[in-house]
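In: pasting the structure only:
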């Protein structure tokens with residue numbers, strides 16, 4: 001979501017006054033910090049980063065320094081108090097107002113703050129995206145109304161708000177005309193999406209995916225991030241009906257212990273989560289499952305942690321993000337008793353990641369010598385003239401091929417397993 005927001009910040013600024021990106025802060029006329037408050041000490045990192053550009057303001061008084069995102073939403077006026085050289089502070093829902101905030105600051109000379117939650121105005125005011133690749137993010141809803149005890153998102157991004165159905169389809173059609181072939185729907189709780197058609201028919205995420213699959217040029221559909229509580233049978237059936245929906249879903253579980261899930265206020269049990277996965281694999285047998293895990297949540301015992309490891313062995317997650325619990329200011333979990341010692345959290349995280357990596361490697365081995373379809377996104381990051389793309393199950397694959405394959409879906413044979421990617425040979429019969 002932050003990657004998406006950063007791109008839209010640039011689009012909004014570029015709409016009013018043509019700008020170009022620079023990697024040299026010393027040459028910049030505008031410096032924006034787009035922040036995230038999910039991880040520990042996010043606020044202090046922001047002030048540390050601001051301190052590193054403070055000297056630029058002294059030598060170039062016209063320089064605009066802005067802070068956006070969730071830390072901005074959380075800290076508000078405190079940012080200006082601690083860093084008075086900051087010009088604008090804006091939240092995730094007001095990034096579209098950034099150009100006017102900058103103009104107002106330039107006119108009246110005082111820092112501007114807008115961290116309000118103006119529902120869908122952000123989507124109405126932002127210009128049409130100008131994608132640089134054949135893949136694109138499309139935000140379909142924002143905010144979260146689940147209030148998990150560890151999470152700060154509802155307080156920094158607000159309650160769940162869905163974009164109008166027709167607006168999303170219009171954006172998809174525009175992206176397709178610009179060469180986009182794969183779209184990832186974004187939302188803090190993307191499967192909570194709810195809207196209606198012009199005829200007042202109700203639309204959920206499953207319906208949106210089905211309609212989106214009909215847009216010419218869009219060949220692949222993804223979505224993230226989901227909440228198990230609303231991963232219903234309609235959405236599961238979509239994996240059977242909609243072939244453009246990829247063989248991958250990211251479904252955070254956080255813990256395999258029912259006790260910890262209750263303390264987290266997740267709203268489901270381990271058994272309910274496992275049933276969702278079972279039904280998904282029935283609808284799409286080769287589906288890849290990704291997830292998030294938090295270790296060391298307050299009250300987590302060795303038994304609770306072992307329950308999480310058992311769940312991982314049972315589900316065999318292919319991709320994952322795992323973190324040590326860190327208290328976020330203002331969340332209920334920060335006041336829970338039985339905080340787990342840091343050394344224990346580190347040990348558990350290491351054990352969990354070793355298991356997840358082992359399962360990931362087993363999956364990679366199973367893909368060796370298989371034929372996969374890869375959407376070619378660009379040149380490999382290794383810089384060795386290889387091109388790179390992703391499989392339907394979200395694995396990065398590098399192989400030798402001409403530049404004109406970028407934006408196409410190519411069949412390749414997996415030949416080598418790397419730590420974070422696969423290598424392949426392009427099948428000769430696919431050659432142009």
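Out: Cool, the structure landed. All values reported here derive from a predicted model rather than from experimental measurement.
In: Every contact and neighbour count from this point should use C-alpha atoms.
Out: OK.
In: where along the stretch 251-400 of the chain do the helices fall?
Out: Along the stretch 251-400 of the chain, counting by DSSP state H, counting those that start in this stretch, helices occupy 258-264, 270-283, 302-315, 342-367.
In: ok, and which of those has the densest surroundings?
Out: helix 258-264 (a mean of 18; mean count of other C-alpha atoms under 10 Å).
In: can you list contacts of that one?
Out: With contact meaning C-alpha atoms under 8 Å, 6 or more residues apart in numbering, helix 258-264 is reached by 148-150, 254-255, 267-270, 297, 299-300, 304, 333.
In: go on, stretch 265-272?
Out: Residues outside stretch 265-272 that contact it (C-alpha under 8 Å, 6+ apart): 146-149, 228-229, 256-258, 261-262.
In: so how far is it off the chain centroid?
Out: Centroid displacement of stretch 265-272 relative to its chain, using C-alpha atoms, centre = their mean, to the nearest Å, is 22 Å.
In: next one: stretch 65-78
Out: 20 Å.
In: What is the end-to-end distance of stretch 83-93?
Out: Terminal residues of stretch 83-93 lie 22 Å apart, using C-alpha to C-alpha, to the nearest Å.
In: List the buried residues of it.
Out: For stretch 83-93, the neighbour count (16 or more other C-alpha atoms under 10 Å) marks 85-93 as buried.
In: Low-confidence regions, the protein specifically.
Out: Applying pLDDT under 70 to the chain flags residues 40, 428-432.
In: run the last query once more with 80
Out: 38-43, 119-127, 382-384, 428-432 (pLDDT under 80).
In: Determine whether the claim that residue 34 is in a strand is correct.
Out: Yes - counting by DSSP: H, G, I helix; E, B strand; the rest coil, residue 34 falls inside a strand.
In: so how far is residue 376 from it?
Out: Taking C-alpha to C-alpha, one finds residue 34 at 29 Å from residue 376.
In: Settle it for me: which of those two has more neighbours?
Out: Neighbour totals were compared for residue 34 and residue 376, and residue 376 leads with 29 against 22 (other C-alpha atoms under 10 Å).
In: List the beta-bridge partners for the more buried one.
Out: residue 389 (DSSP bridges).
In: give the contact list for it.
Out: 387-390, 405-410.
In: same thing with residue 96?
Out: Per C-alpha under 8 Å, 6+ apart, neighbours of residue 96: 8-9, 12, 122, 125-126.
In: and if you look at residue 119?
Out: Neighbouring residues of residue 119 by C-alpha under 8 Å, 6+ apart: 93, 161.
In: That one: what secondary structure?
Out: coil.
In: Next: the one 4 residues further on.
Out: In the three-state summary, residue 123 is assigned as helix, counting by three-state DSSP.
In: my guess is it contacts residue 163, does it?
Out: Yes - counting by C-alpha atoms under 8 Å, residue 163 is a contact partner of residue 123 at 7.4 Å.
In: now the helices for the stretch 1-150 of the chain?
Out: Under DSSP H, counting those that start in this stretch, the stretch 1-150 of the chain gives helices at 2-16, 42-51, 54-59, 70-75, 77-82, 98-108, 121-125.
In: Tell me which of the ones you listed sits most buried.
Out: helix 70-75 (a mean of 24).
In: What is that one packed up against?
Out: strand 30-35, helix 42-51, strand 88-90, helix 153-157 (3 or more C-alpha pairs under 8 Å, 6 or more residues apart in numbering; DSSP states H and E).
In: Can you add distance to residue 279 and give the buried residues of stretch 83-93 back as CSV?
Out: Below are those laid out as CSV (distance: C-alpha to C-alpha, whole Å):
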residue, distance to residue 279
85, 54
86, 51
87, 51
88, 48
89, 45
90, 42
91, 38
92, 35
93, 36
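In: between those, which is closest to residue 214?
Out: Proximity of those to residue 214 (C-alpha to C-alpha) peaks at residue 93, which lies at 29.9 Å.
In: isn't that closest one right up against residue 114?
Out: No - Residue 93 is beyond contact range of residue 114, at 9.3 Å (criterion: C-alpha under 8 Å).
In: From the contacts of helix 258-264, list the buried ones, please.
Out: Among these, those classed as buried by 16+ other C-alpha under 10 Å are 148-150, 254-255, 268-270, 297, 300, 304, 333.
In: of all those residues, which two lie farthest apart?
Out: 270 and 333, at 20.0 Å, using C-alpha to C-alpha across the buried ones among the contacts of helix 258-264.
In: about what we covered before: nearest to residue 327, of the contacts of stretch 265-272?
Out: Nearest member of these to residue 327, counting by C-alpha to C-alpha, is residue 149, at 9.9 Å.
In: Tell me who's in contact with that closest one.
Out: Per C-alpha under 8 Å, 6+ apart, neighbours of residue 149: 263-265, 331-333.
In: about what we covered before: can you tell me which of the contacts of residue 376 has the most neighbours?
Out: residue 388 (26 neighbours).
In: Confirm for me that it is in contact with residue 396.
Out: Yes - judged on C-alpha under 8 Å, residue 388 makes contact with residue 396 at a distance of 7.0 Å.
In: farthest-separated two in the contacts of residue 376?
Out: The most distant members of the contacts of residue 376, if one measures by C-alpha to C-alpha, are 390 and 405, lying 13.3 Å apart.
In: Output the helices of the stretch 1-150 of the chain as CSV; include the columns distance to residue 135.
Out: What follows is these, written out as CSV (distance: least, C-alpha to C-alpha, whole Å):
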stretch, distance to residue 135
helix 2-16, 12
helix 42-51, 29
helix 54-59, 35
helix 70-75, 25
helix 77-82, 35
helix 98-108, 26
helix 121-125, 19
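In: and of the ones you listed, who's closest to residue 347?
Out: Checked against C-alpha to C-alpha, the stretch from these lying closest is helix 42-51, at 23.0 Å.
In: Now do that closest one against strand 30-35, angle only.
Out: Interaxial angle of helix 42-51 relative to strand 30-35 (axes from the mean of the first three to the mean of the last three C-alpha atoms, to 10 degrees): 160 degrees.
In: hang on, the earlier thing: output the contacts of residue 96 in TSV, with distance to residue 197 appended to each entry.
Out: TSV is the format used below for the contacts of residue 96 (distance: C-alpha to C-alpha, whole Å):
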residue	distance to residue 197
8	26
9	29
12	28
122	20
125	21
126	22
